[in-house]
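# Give me coordinates for this.
(2 chains)
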Amino acid sequence: AQKVTQAQTEISVVEKEDVTLDCVYETRDTTYYLFWYKQPPSGELVFLIRRNSFDEQNEISGRYSWNFQKSTSSFNFTITASQVVDSAVYFCALRSRYNQGGKLIFGQGTELSVKP
Amino acid sequence: GAVVSQHPSWVICKSGTSVKIECRSLDFQATTMFWYRQFPKQSLMLMATSNEGSKATYEQGVEKDKFLINHASLTLSTLTVTSAHPEDSSFYICSARGRGDSQAKNIQYFGAGTRLSVL
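Numbers count the residues shown, from 1 in each chain, chains lettered A, B, ... in the order given. Down below sits the predicted model:
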């Protein structure tokens, strides 16, 4: 079975604080992809990053960084110096390369509220 | 990134009528498109997967006669909610994944969603 768990339902921070969104996944496949999407209040899901299971390098993109650790099956997302515009629901997702028709398995999402 | 256009963004209709939602990949060819439903404060629920030129594969519990999906071309998929009822009111989102030689390979790009209200 495949599963994605985002244990944090809601997080509230004050602007300029750093915040980490946790994502833990389960899969028996050795080849898979992990994703993060942002869903602002407007509703559209915005693709942020894709990481494949063979690439454990951490990635930084501006204020965003991702920490992928296969040993703990985690793919955490950190926003540095958060801004009000970062307020959104963030989804972590998993896709196996070979199973389930390539469907994305989503976590329940973490609602981030950044207050001025 | 790749762009997926979804129309309409919101629609209000009377109970018993049918509503069609369009999903287009604007700058890439989408071999596979997905339709999701999202309830307030919840995650996305996959309704069906469609590959161009073939019948859609519906998830368990989704009525195929209720939610008609057509993926007639590599850039267009439509979802028709037939004989809509108030319980069909929801946020519907499509996504598209590109061919292996495209920039959208292995990544699902999402439309902006359609908010359906059935009176």
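# Could you measure from B:K20 over to chain A?
Separation of B:K20 from chain A (CB to the nearest CB, to the nearest Å): 19 Å. Every C-beta, even on glycine, is put in place using the N, C-alpha and C of the backbone.
# which SSE is that residue in?
If you go by DSSP states H and E, B:K20 is part of strand B:19-25.
# CA atoms only for that strand - export them in PDB, please.
The C-alpha trace of strand B:19-25 is given here as PDB (Å, rounded to 0.1, in the frame of the first residue of the first chain):
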ATOM      1  CA  VAL B  19     -22.800  20.700 -16.800                       C
ATOM      2  CA  LYS B  20     -19.700  20.300 -18.900                       C
ATOM      3  CA  ILE B  21     -16.200  21.300 -17.700                       C
ATOM      4  CA  GLU B  22     -13.300  21.600 -20.100                       C
ATOM      5  CA  CYS B  23      -9.600  21.000 -19.400                       C
ATOM      6  CA  ARG B  24      -7.000  22.000 -21.900                       C
ATOM      7  CA  SER B  25      -3.200  21.600 -21.900                       C
END
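# Give me the mean pLDDT for it.
Across strand B:19-25, the average pLDDT comes to 96.
# Mind checking what secondary structure B:A72 has?
Secondary structure state of B:A72, per DSSP: H, G, I helix; E, B strand; the rest coil, is strand.
# give the contact list for it.
By CB atoms under 8 Å, 6 or more residues apart in numbering or on different chains, the contact list for B:A72 reads B:E52, B:G53, B:T78.
# what about stretch A:82-100, near chain B?
Yes. Using CB under 8 Å from any CB of the partner chain, stretch A:82-100 reaches chain B at A:F91, A:R95.
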